[in-house]
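K.L.:
heads up, no residue letters with this:
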């Protein structure tokens, strides 16, 4: 069982930055691929970014956040972060952290473990 706790959400102006963090409670964190997802009001949850297990050498982003968001992991701290720059009102959503042993499952949004989410609101 893996518990995930997100933090770092909040209210930011258009063009601003936020850094989300997700801490995992497992001794095998490095064996899990990790992802960030978001769900806006009235919409389905969507994939945002993923990072592969172990060294995190493979990252992948949805097109709308490429060049603005950066996913990273720190295996010593059991954390995965999402640095979000140049935020836009359309980035407003609840952001969720997800974990799975298989990167393909993360990229498909079919992770084994989910966090509770953190709200990000970008004002125009």
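P.N.:
Perfect, thanks for sending it. Remember, predicted model here, so these are calculated numbers, not experimental data.

K.L.:
Pick out the residue closest to the middle of this protein.
P.N.:
In the chain, the C-alpha nearest the mean C-alpha coordinate belongs to residue 36, at 2.2 Å (C-alpha atoms, centre = their mean).

K.L.:
what sits opposite that one in the beta ladder?
P.N.:
residue 49, residue 97 (DSSP bridges).

K.L.:
What separation is there between it and residue 73?
P.N.:
According to C-beta to C-beta, to the nearest Å, residue 36 and residue 73 sit 11 Å apart. Any C-beta I mention is one placed from the backbone N, CA and C, and that applies to glycine too.

K.L.:
same thing with residue 20?
P.N.:
Separation of residue 20 from residue 73 (C-beta to C-beta): 13 Å.

K.L.:
what sits up against stretch 114-124?
P.N.:
Contacts to stretch 114-124, defined as C-beta atoms under 8 Å, 6 or more residues apart in numbering, come from residues 4-14, 16, 18, 20, 22, 38-39, 84, 87-98.

K.L.:
got it, and stretch 4-15?
P.N.:
Counting by C-beta under 8 Å, 6+ apart, 18-25, 86-89, 95-99, 113-124 sit against stretch 4-15.

K.L.:
Could you tell me which residues within stretch 97-112 count as buried?
P.N.:
Within stretch 97-112, the residues that count as buried by 16 or more other C-beta atoms under 10 Å are 97, 98, 99, 100, 103, 105, 106, 107, 109, 111.

K.L.:
Where do the strands of this structure begin and end?
P.N.:
3-7, 10-13, 18-25, 33-39, 46-51, 59-61, 69-74, 79-84, 93-100, 113-114, 118-123 (DSSP state E).

K.L.:
what helices or strands is the fourth one leaning on?
P.N.:
Meaning strand 33-39. On a contact count with 3 or more C-beta pairs under 8 Å, 6 or more residues apart in numbering; DSSP states H and E, strand 33-39 meets strand 18-25, strand 46-51, strand 69-74, strand 79-84, strand 93-100, helix 103-107.
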